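> build me a structure from this.
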Amino acid sequence: MASKAPPMWDMDVTKMMSDFKVPGVDMDAVLQSQRRNIEALTAANQLAMEGVQAVARRQMEILRQTMEETASTVQGMMSAGTPEEGVVKQADLVKSAFEQALINMKEMAEMIAKSNYDAADVISKRISANLDEIKVAASKK
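So this is what the prediction gives:
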């Protein structure tokens, strides 16, 4: 996922930092490294936001489905013949609703875990690359 660094890096900050000279430090390399850090954070943030949006959409779908099932259940309860049949029907409906709630909770937890993993993976890869960049820069000295 390619992302673009914030516009501030295309303005005076890059020029200002490249004009700042420190003996033995390649400021262009430092700037490029920091740009890649910001790009990685931006990408991770985008992935996290997409995950939040997907979870919210799924929660709305679950809510809609639950409301439809509740309306159907109420109609079914009204048509129960004897009180005993009503109790049996109610127990079956409660069991079914509980099982569906567990399935939904598991699904939501998996969606959240995947979103967290994807965002953390971007950061992890950038940290690893950053450490490699430091190692290469240190070996040049």
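
> from here on, contacts and neighbour counts on C-alpha atoms
Will do.

> which other helices and strands does the lengthiest helix in the chain contact?
In the chain, assigned by DSSP state H, the helix with the most residues is helix 83-139. Packed against helix 83-139 by the contact rule (3 or more C-alpha pairs under 8 Å, 6 or more residues apart in numbering; DSSP states H and E) you find helix 27-78.

> for the helix it packs on, what is the average pLDDT?
Across helix 27-78, the average pLDDT comes to 90.

> just how off-centre is it within its chain?
6 Å (C-alpha atoms, centre = their mean, to the nearest Å).

> separation between residue 48 and residue 132?
26 Å (C-alpha to C-alpha, to the nearest Å).

> neighbour-wise, which of the two wins?
More neighbours surround residue 48 than the other of residue 48 and residue 132, with 20 against 12 (other C-alpha atoms under 10 Å).

> in contact with residue 130, which residues?
residue 33 (C-alpha atoms under 8 Å, 6 or more residues apart in numbering).

> could you redo the last one with a cut-off of 10 Å?
Counting by C-alpha atoms under 10 Å, 6 or more residues apart in numbering, residue 130 makes contact with 33-34, 36-37, 124, 136.

> measure it to residue 40 for me?
From residue 130 to residue 40 the distance is 11 Å (C-alpha to C-alpha).
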